[in-house]
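Engineer: model this:
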Amino acid sequence: MTEARAAGQGILGVKEVLATDPFDAPNNVRPKGKRNPTVAAGGDHEAYKKAVVAVRQYRRQYREAWQSFRRGLEATFPGGTLLMRHRYRQPCEPLGCWWCVLARCPAAMPPPIPG
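Structural biologist: Modelled structure (predicted):
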């Protein structure tokens, strides 16, 4: 708080925060050619590369399943496709991400760390 005041930046009070439009957005344009904000790896370049590959693979699988579904064919969606699973009762692959809250699969959990 003191850093913001020292830098000449004001701090909004409760009335100002409540008066703020929740649908307001910055009017600057996102720079082209920057990393996709879908993935954040905290500076770990190897983790970033793996995450980008995983996102591309998920989107490809979803697109293929969606095209089959639209044609009335049997389709299995990638793990994490909750809408298709719940609303349309479509089969989905297991999520397979032990760190993800959506997985909720005890078998996918890593073994506890001894100590």
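Engineer: Would you indicate which residues of the longest helix seen in the chain are buried?
Structural biologist: Using DSSP state H to define each element, the chain has its longest helix at helix 45-70. Within helix 45-70, the residues that count as buried by 16 or more other C-beta atoms under 10 Å are Tyr48, Ala51, Gln61, Tyr62, Ala65, Phe69. To be clear about C-beta, it is placed using only N, CA and C from the backbone, and glycine gets the same treatment.
Engineer: Let me know the closest of these to Gly8.
Structural biologist: Nearest to Gly8 among the buried residues of helix 45-70 is Tyr48, at 35.2 Å by C-beta to C-beta.
Engineer: Just the local confidence number for the most centrally placed residue in the chain, please.
Structural biologist: Centroid-nearest residue in the chain, with C-alpha atoms, centre = their mean: Thr38, separated by 6.0 Å. You'll see Thr38 listed with a pLDDT of 79.
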